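Asker: Generate coordinates for the sequence data below:
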Amino acid sequence: MVRGKTQMKRIENATSRQVTFSKRRNGLLKKAFELSVLCDAEVALIIFSPRGKLYEFANSSMQETIERYRRHTKNDTPTSFRTVEQNMQHLKQEAANMMKKIDFLEASKRKFLGEGLGSCSIEELHRIEQQLQRSISNVRARKTQVFMEQIEELKEKEKALLEEKARLSEKHGTDPQPTTKDQTENQPQNYAESSLSSDVETELFIGLPHSRTRGVIRSS
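Answerer: I've put the predicted structure just below:
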């Protein structure tokens, strides 16, 4: 089975990018040293970090190796060497611009966390507030969606349990127990029936008002 080549791209996370740079840089310097020792080769290596820091290795004089390179290039002219210097300056400028962008993003992040707001104008504070309100609105919408999904999931579980309960009752030949709602609806009727079956006392008075006696007839 032939696997396709993995496409390499820039690491977005700044911390991971710095860690990878340090590991690969050390590995590259080690390989350059091994090549110069094992093969008796003249090796010169120049590395500029994203922050513009210079790393280099040369088993002889760096300047002499560069001069030797110039002599062996096809276009051995001062213009070619100036082009290399221009490219190096361009790379340094790009690294400096990247550092400025990183500093700007870090400052913006601190402001969103409520830090470093002393130098902000009214317009900038208003803009930050609007962005935070939009973020809160998105979070609340997502929270509501998650709640609704959980409610629907619980309803489905309840339905499945009721169906399983009915199936088991039918299998064992027993009536399913009434739900709480059914018990509540039947409670007043049961109470009324029990009240009718209780003892009733009826009092009768016999005779004239001043000398009447009272009899008690009990009915059950």
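
Asker: Can you show me the helices along this protein?
Answerer: 14-38, 62-72, 78-112, 122-172, 180-196 (DSSP state H).

Asker: What residues sit buried inside stretch 17-27?
Answerer: Buried residues in stretch 17-27, counted by 16 or more other CB atoms under 10 Å: residue 21. All C-beta atoms are positioned from the backbone trio N, CA, C, and that covers glycine.

Asker: Any idea how far it is from the middle of the chain?
Answerer: Here stretch 17-27 is found 28 Å from its chain centre; the criterion is CA atoms, centre = their mean, to the nearest Å.

Asker: Quick one: residues in contact with that stretch.
Answerer: Around stretch 17-27, the neighbours that count as contacts under CB atoms under 8 Å, 6 or more residues apart in numbering are 10, 11, 47, 49, 50, 55.

Asker: Of those residues, just say which sits nearest to residue 148.
Answerer: residue 11 (37.6 Å; CB to CB).

Asker: Give me the domain ranges for the chain.
Answerer: 14-119, 121-173 (automatic domain parsing).

Asker: TSV for the contacts of stretch 17-27, including neighbour count?
Answerer: As requested, the contacts of stretch 17-27 are exported to TSV (neighbours: other CB atoms under 10 Å):
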residue	neighbour count
10	5
11	13
47	15
49	13
50	14
55	14
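
Asker: Identify, from the residues you listed, the entry nearest to residue 103.
Answerer: residue 50 (12.9 Å).

Asker: which residues touch that closest one?
Answerer: So residue 50 contacts 17, 18, 21, 95, 98, 99 (CB under 8 Å, 6+ apart).

Asker: tell me the most buried of the domains of the chain?
Answerer: domain 14-119 (a mean of 12; mean count of other CB atoms under 10 Å).

Asker: Quote the end-to-end distance of that domain.
Answerer: Terminal residues of domain 14-119 are spaced 26 Å apart (CA to CA, to the nearest Å).

Asker: Grab the most central residue of the protein for me.
Answerer: The chain has residue 139 as the residue nearest its centroid, 11.2 Å off, counting by CA atoms, centre = their mean.

Asker: Could you give the bridge partners of residue 56?
Answerer: Taking DSSP bridges as the rule, residue 56 bridges to residue 46.

Asker: Isn't it up against residue 47?
Answerer: Yes. Using CB atoms under 8 Å, residue 56 is in contact with residue 47, at 6.9 Å.

Asker: Any stretches of this structure with poor pLDDT?
Answerer: Low-confidence segments of the chain, defined by pLDDT under 70, are located at 1-6, 74-82, 175-220.
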